[in-house]
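Undergrad: Here is my input; please provide its structure:
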Amino acid sequence: MEECAAACRLDLATFYLSSSGAGAGATAAAGTAGGGHRARLESGLTHARAGLSLLQGRPVASGGGDADDSLVASLRRDLADAAERLLRELIRATAVAGNSSRAETLKEEYRALLSSRTDPKSRPWSRIDQGERMTLRSFEQCNIAGYVNLRWDVSRFETLESGEVQLSAQLANHGRYKYFEIDGETSDFTALNGNPVYFAEWEGCLDGLCTDAVEFTVYCHDDNENCGGEWFNFGGCDCTFAITWHLYGDLAAPPPPPPSPPLPPQPPAFVLVVVSASTLPPVELLPVAVFQGLLE
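TA: This is a model prediction of the structure:
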């Protein structure tokens, strides 16, 4: 019974989300759409919350579960996805409307929802101040000696604040380069050198500079100049972001063994040929008379 009611709540949440026109242009249009846009988002969020609440007491088997367990897991995942999208859109619309207090409350709910999910996509949110650089993984934590075909894959990069967040990598003995960036309250990031990033040109030694480690950092840049400004008193001097990424590599093949040294020159071998008596040609015996004649 709870599954049926939760499925209905999911349909309603999805309906209100799509009817609100959520998307890139929705936030810009929210300022002229009055409260109707936000009201639809609020209604959708109410249904998503109610659906999650219905399934809250239903445990899901970790493995080997029946069809009911599978349905509960699927509904819970879809309702949480809908709630995430509704919260993101509602945070933007509320900020544009100038209600910073309500927007902060929604942000806290959004962070709590992400932290409560078991989906590996979800990661805790991090916050850094304007102009601050945070080390995600240091050289000591990312030793790449002995690996080839290095590739850096970013599967999720999302922000909650208005500033720009830059994601960089630096290989030992080389400069730091910016590879990913994201600008303001979105989950759409830009890959400046493709995704995944391939580090083939830095592997091993180049011009006498050997690379055996890599460091990943993130930088907060308030490019919208809203730090302490008058943009509805929202945005502040920080960047809140979530990121999921992996570094892959293959073990290098072992070098071939060195060639064996050449053998020293050897003296010529002495060959002794033994002729067997049985191999000698037979001796022809002369008649006795002839033999005597020879003697005279």
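
Undergrad: avg pLDDT for the helix ranked longest in the chain?
TA: Longest helix in the chain, counting residues (DSSP state H): helix 67-96. Per-residue pLDDT over helix 67-96 has a mean of 82.

Undergrad: what does stretch 116-130 give?
TA: According to the model, stretch 116-130 has a mean pLDDT of 64.

Undergrad: One more: stretch 175-183?
TA: Mean predicted lDDT for stretch 175-183 stands at 92.

Undergrad: Then stretch 216-223?
TA: Here the average pLDDT along stretch 216-223 is 84.

Undergrad: Could you pull out the buried residues of it?
TA: Using 16 or more other CB atoms under 10 Å as the test for burial, stretch 216-223 gives 216-222. Heads up, the C-betas are built off the backbone N, CA and C, glycines and all.

Undergrad: Do a quick rundown of the strands in the stretch 101-250 of the chain.
TA: For the stretch 101-250 of the chain, strands defined by DSSP state E, counting those that start in this stretch occupy the ranges 126-129, 133-137, 147-159, 164-171, 176-183, 190-191, 197-198, 205-206, 209-210, 214-221, 238-251.

Undergrad: Just checking: what are the partner strands of the second one?
TA: Yep, that's strand 133-137 we're talking about. strand 214-221 (antiparallel) (DSSP bridges).

Undergrad: and the angle for the strand it pairs with with strand 238-251?
TA: Interaxial angle, strand 214-221 versus strand 238-251 (axes from the mean of the first three to the mean of the last three CA atoms, to 10 degrees): 160 degrees.

Undergrad: Other residues contacting strand 214-221?
TA: Under the contact criterion CB atoms under 8 Å, 6 or more residues apart in numbering, strand 214-221 has outside partners 126, 128-139, 142, 144, 150, 152, 163-172, 176, 199, 238-239, 241, 243, 245, 247.

Undergrad: one more time with 6 Å, if that's ok
TA: 128, 130, 132-139, 142, 144, 163-171, 239 (CB atoms under 6 Å, 6 or more residues apart in numbering).

Undergrad: coming back round to it: make JSON lines out of the buried residues of stretch 216-223 and add distance to Phe157.
TA: Putting the buried residues of stretch 216-223 into JSON lines (distance: CB to CB, whole Å) gives the following:
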{"residue": "Phe216", "distance to Phe157": "12"}
{"residue": "Thr217", "distance to Phe157": "14"}
{"residue": "Val218", "distance to Phe157": "9"}
{"residue": "Tyr219", "distance to Phe157": "13"}
{"residue": "Cys220", "distance to Phe157": "13"}
{"residue": "His221", "distance to Phe157": "15"}
{"residue": "Asp222", "distance to Phe157": "18"}
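
Undergrad: Please determine how far the closest residue to Arg102 other than its chain neighbours is located from Ala39.
TA: Closest residue in space to Arg102, ignoring its immediate chain neighbours: Thr94 at 5.0 Å, by CB to CB, 6 or more residues apart in numbering. Thr94 is 12 Å from Ala39, where distance means CB to CB, to the nearest Å.

Undergrad: wait, isn't the residue nearest to Arg102 in contact with Ser100?
TA: No - with contact defined as CB atoms under 6 Å, Thr94 does not count as touching Ser100 (8.2 Å).

Undergrad: who touches Arg40 in this structure?
TA: When contacts are counted by CB under 6 Å, 6+ apart, Arg40 touches 16, 19-20.

Undergrad: just the buried members of the residues you listed?
TA: Here, 16+ other CB under 10 Å leaves 16, 20 buried among the contacts of Arg40.

Undergrad: Just the contacts of Arg40: which are in helices?
TA: If you go by DSSP H, the contacts of Arg40 have 16, 19 in helices.

Undergrad: Take the contacts of Arg40 and lay them out in a markdown table including pLDDT and distance to Val72.
TA: What follows is the contacts of Arg40, written out as a markdown table (pLDDT from 0 to 100; distance: CB to CB, whole Å):
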| residue | pLDDT | distance to Val72 |
| --- | --- | --- |
| Tyr16 | 90 | 23 |
| Ser19 | 84 | 27 |
| Ser20 | 74 | 27 |
